[in-house]
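Q: quick one: sequence and predicted model below, then my questions.
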Amino acid sequence: MNTSRRSFIQRTAIVLAGSSVFSKHLLAAAAPNTITGIQLYSVRDEMKKDPLATLKTVADMGYQYVEHANYINRKFYGYSATEFKKILDGHGMKMLSGHTVMGKDHWDNSKKDFTDAWKYTVDDAATVGQQIVISPWLDESLRKTYDDMLAYMDVFNKSGELCKRSGMRFGYHNHNFEFTASLNGQKVYDIILEHTDPFLVVQQLDMGNLYGTGADAYEIIKKHPERFISLHVKDEIKVGKGEEIMTGNYESTILGAGVANTKAVTDLGKKSGGTLHFIIEQESYQGKTPMECMKEDLKVMRRWGY
């Protein structure tokens, strides 16, 4: 789809401008405000033990935006959408995005419609204040063949239409298989980009997950400007010993301490990738506590101007 930067931002604004974090001038295609948030999977054990105390600690660090990774039986970390929004409001925080896998059980092919489970997911996301409903996985059963993949990309677009009716957008978050697996000679990620409507389906590029696959996050953004409304900001280091370290095994680390060219990728996202959400995620901690890492990561982002 050939779309100018101006028209892309204008159309994005129509969906996203309902939140106060975006400037009222966004509709006029002025540079939008961006947000820096935390993916709560970074502090997953703490959220499991005591979500209320964990959210307070994260808020006290200076985080104003969170992204969830726990939605089970219509509850976020054990709380209904209304309850969780109230908790976040009490800390001066917002949750503008979240991860819930959309799988084959969420689409009824005989009815050509979503099941109630996915409709509830979208409803609850809207209630809690999300702008983007993100699926962080594409099950292998949905990408066995090229035709299977295309069929489910149509479901992606339909999910975008469903989310749009609630003032949100649907999104997809990559891991690593998207850059190593191919169908009909095309990488899975290229198929996703080619067959999803950018105005319905947001791409949340995880620059860390793809590291070591041979893909380059910087070049992906450069090749597909305006496609990446959200970034998972990560850095990576090699792990293992001897032959193992030569195979390209990586884990996340403090921003700026690794090899993933994180600042350059992040800056390009802001400059030409269309990125509005910069979400910090760190899953490995090299002897530090997750909270210590989250505090350091935010300091680095602030130093970088985010």
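A: Cool, got the structure.

Q: going forward, measure contacts between C-alpha atoms and count neighbours the same way
A: Will do.

Q: packing partners for the longest helix belonging to the chain?
A: Determined from DSSP state H, the single longest helix within the chain is helix 146-164. Applying 3 or more Cα pairs under 8 Å, 6 or more residues apart in numbering; DSSP states H and E, one finds that helix 146-164 contacts strand 169-173, helix 188-195, strand 201-206.

Q: mind listing what's buried along that helix?
A: By neighbour count on 16 or more other Cα atoms under 10 Å, the buried set for helix 146-164 is 146, 149-150, 152-153, 155-164.

Q: direction included, what does the particular helix or strand that has residue 237 in it pair up with?
A: Element membership for residue 237, per DSSP states H and E: strand 235-238. Strand pairing for strand 235-238, using DSSP bridges, gives strand 250-253 (antiparallel).

Q: list the contacts of the next helix or strand along the chain from the partner strand.
A: Counting by DSSP H and E, the next helix or strand C-terminal to strand 250-253 is helix 262-271. Residues from elsewhere that reach helix 262-271, judged by Cα atoms under 8 Å, 6 or more residues apart in numbering: 207, 217-218, 221-222, 228, 231, 233-235, 255-256, 275-276, 278, 304.

Q: that older thread, now, which of the buried residues of helix 146-164 sits nearest residue 47?
A: residue 163 (26.9 Å; Cα to Cα).

Q: quick check: that closest one touching residue 169?
A: Yes - the criterion here is Cα atoms under 8 Å, and residue 163 meets it with residue 169 at 5.2 Å.

Q: shared neighbours, those two?
A: With Cα under 8 Å, 6+ apart, residue 163 and residue 169 have common neighbours residue 133.

Q: ok, now which ones touch the spatially closest residue to residue 210 that is not a sequence neighbour?
A: Spatially, and ignoring its direct neighbours in sequence, residue 210 is nearest to residue 176 (4.7 Å; Cα to Cα, 6 or more residues apart in numbering). By Cα under 8 Å, 6+ apart, the contact list for residue 176 reads 209, 210, 211, 213.

Q: which of the residues you listed tops the neighbour count?
A: Counting neighbours by other Cα atoms under 10 Å, residue 211 leads those with 25 neighbours.

Q: for it, helix, strand, or coil?
A: Under DSSP: H, G, I helix; E, B strand; the rest coil, the three-state class of residue 211 is coil.

Q: need phi/psi at it.
A: With angles defined as degrees, to the nearest 10, residue 211 sits at phi -70, psi 130.

Q: ok, now how distant is it from residue 220?
A: 12 Å (Cα to Cα, to the nearest Å).

Q: and residue 35, by the same measure?
A: Residue 35 is 22 Å from residue 220, by Cα to Cα.

Q: name whatever forms a beta bridge with the residue sitting nearest the centre point of the chain.
A: Nearest to the geometric centre of the chain sits residue 204, at 4.1 Å (Cα atoms, centre = their mean). Counting by DSSP bridges, residue 204 forms beta bridges with residue 173, residue 230.

Q: sweet, I'm off.
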